[in-house]
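Q: this one's sequence-less:
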């Protein structure tokens, strides 16, 4: 069998992380963990799109400051977001004097960035990089669904796009390493309900996780957490059910970034959080600090993305999805 | 000074290339070089977006067939396009049983894919990959400007989005190697004319080329060709003029993919070709075959991208741009 799990001659460490969020995220269960927030979600800017860019800029500035790097010392920036033409990243990163590679993987972009960054560092091509991703509830709603002013009713299976940006500096030092990764395949199971991304993404997460277990000969119990980001409530239930049918029981150690970031029923976010920023802020503010503190030691992070397009859906298309895996471990 | 040029412990070879184009490209100066074309630009599909996906699918199938690989033997697919949510790639590549990493770099995406693929191979993380990018005149016009039915008049400085997809297989064998690369920075010189992408992109190409020459201590005469893709007429003139002001004369060996793909005045394409497909089909059908045949031996390819967004421009924004460099050489 061909080996698909990517292994690294030298394993990148996570030097620092930084999270910037909106008010609803600040009011959620992880509120205390985030580095920075803005009460009106505008971050001093006059449009939601510019606010999103500003979040990315602040996230990268914050992560750089914590790491001790300055931008010109970094080898590469890897970034992406949900906005058309990835303008969140493009504008934000024109402020930094570092080469930039733009990514698009919908909500999987954070994992895609960590994966590519790890490969570049792991192969010795670079010595450091930053990964930055973001999403904003207000810019996403008007791009993918309706302008907020329309006041559309949300379906129970719909997820709530997180307002947040997370940044990660990869390099030589730090107490968490990325030791393996697995690139997701595009999986299209014919789901075409724009209000049920979880159902579209769950099969992609299943495909990646099963391939990882098969090739690594590891199993669920080898990991403290299996983190998906972000299937939400609906997708997480589908994931757990379908895996259980195949004899893989992840119920005890599965968490989903979309379910961690909000108190779902109390905050009225329906199926939970989503967006390029969701897994980024949860990883940056909670999972990685817990790995640093050794309350957890070995986790699989599956960033899931619904490669959804309003244009394609209007043409009767389906929602393909992808899930990239990175394995993170505590180190001394 | 920090080293920014990426070098590879082992240099990837271009195993095969394949180009799929529309009718206008087929009628252009490189018409005979393309592997496949479609008379009505629809490729048997009912929408322009689906036609674009079909081009990508065919391009990858063609490159795989020429290479002798099958999809499950490839380690990774790297792909992107100009469409919102990169649906050209997402739908096309759900047909292949290989991990997929989505990229967004506007018209620079072909160079971005070759660069990342080279880094992954060069660092020993993978042994093979495919890079695929596409653009379609009709899907781009309605997304970025106006639906064709509107019949809008084009500005003289506007470029014509190429209808085409190019695919490249990187691996161990082949007569062309990628030996170096340099990641572009996001350069924003305040250009905000949606009909003059060349002016927005030229400064990015200048930034990357000057950084390459400075660090490598090489000069224009060390290369048979300096290929930009795609600045068009306007951008190419700006590039040559501004470089000349700094004592760098590339006039004798500069070519631009946007100027190679069409006979500009005769085909009424104003400033020349553009789009993720433009440099991909020119590299796949002309530059790389010429390197294989040794009529040229050592070239710099600067893929340029205008990170332009109709949304941002409507908010008074500018057009940031990026240019990634890869150096290709003939080998035995």
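A: Good, I have the coordinates. Since the structure is predicted, the reported quantities are computational estimates derived from the model, not experimental observations. Numbers count the residues shown, from 1 in each chain, chains lettered A, B, ... in the order given.

Q: Give the burial count for residue A:297, as a bare number.
A: When neighbours are defined as other CB atoms under 10 Å in any protein chain shown, residue A:297 has 15 of them. Quick note: C-beta positions are derived from backbone N, CA and C, even for glycine.

Q: Residue A:294 too?
A: Neighbours of residue A:294 (other CB under 10 Å): 12.

Q: Surely it touches residue A:329?
A: No - applying CB atoms under 8 Å, one finds residue A:294 not in contact with residue A:329, separated by 10.5 Å.

Q: Quick one: low-confidence residue ranges for the stretch 51-200 of chain A.
A: Of all residues in the stretch 51-200 of chain A, none has pLDDT under 70.

Q: model confidence over the one helix or strand residue A:328 maps to, on average?
A: Element membership of residue A:328, judged by DSSP states H and E, is strand A:321-330. Averaging the model's pLDDT scores along strand A:321-330 yields 98.

Q: Ok, stretch A:3-19 next?
A: For stretch A:3-19, mean pLDDT is 96.

Q: Which residue, other than its chain neighbours, is closest to residue A:145?
A: Leaving aside its chain neighbours, residue A:145 sits nearest to residue A:152 (6.7 Å; criterion: CB to CB, 6 or more residues apart in numbering or on different chains).

Q: Secondary structure of the one you found: a helix, I assume?
A: No - secondary structure of residue A:152 (DSSP: H, G, I helix; E, B strand; the rest coil): coil, not part of a helix.

Q: For it, give its distance to chain B.
A: 20 Å (CB to the nearest CB, to the nearest Å).

Q: Same check on residue A:102?
A: Applying CB to the nearest CB to residue A:102 and chain B gives a distance of 4 Å.

Q: Report the secondary structure element holding that residue.
A: Assigned by DSSP H and E, residue A:102 falls within strand A:99-102.

Q: check whether the very next helix or strand once past that strand contacts chain B.
A: Once the chain leaves strand A:99-102, the next helix or strand it forms, by DSSP H and E, is helix A:109-122. Yes - residues of helix A:109-122 are located near chain B by CB under 8 Å from any CB of the partner chain, namely A:112, A:115-116, A:119-120, A:122.

Q: So what sits opposite residue A:13 in the bridge?
A: residue A:171, residue A:177 (DSSP bridges).

Q: Would you mind identifying the next helix or strand past the helix or strand hosting residue A:258?
A: Here residue A:258, judged by DSSP H and E, is contained in helix A:257-260. Once helix A:257-260 ends, the next helix or strand along the chain (criterion: DSSP H and E) is strand A:273-274.

Q: list the helices and strands the helix or strand following that next one packs on?
A: Using DSSP H and E, the helix or strand that follows strand A:273-274 in sequence is helix A:276-282. Judged by 3 or more CB pairs under 8 Å, 6 or more residues apart in numbering or on different chains; DSSP states H and E, helix A:276-282 is in contact with strand A:13-21, strand A:76-81, helix A:109-122, strand A:129-135, strand A:164-171, strand A:225-229, helix A:257-260.

Q: Name the residues of the longest one that are buried.
A: Residues of helix A:109-122 classed as buried by neighbour count (16 or more other CB atoms under 10 Å in any protein chain shown): A:109-122.
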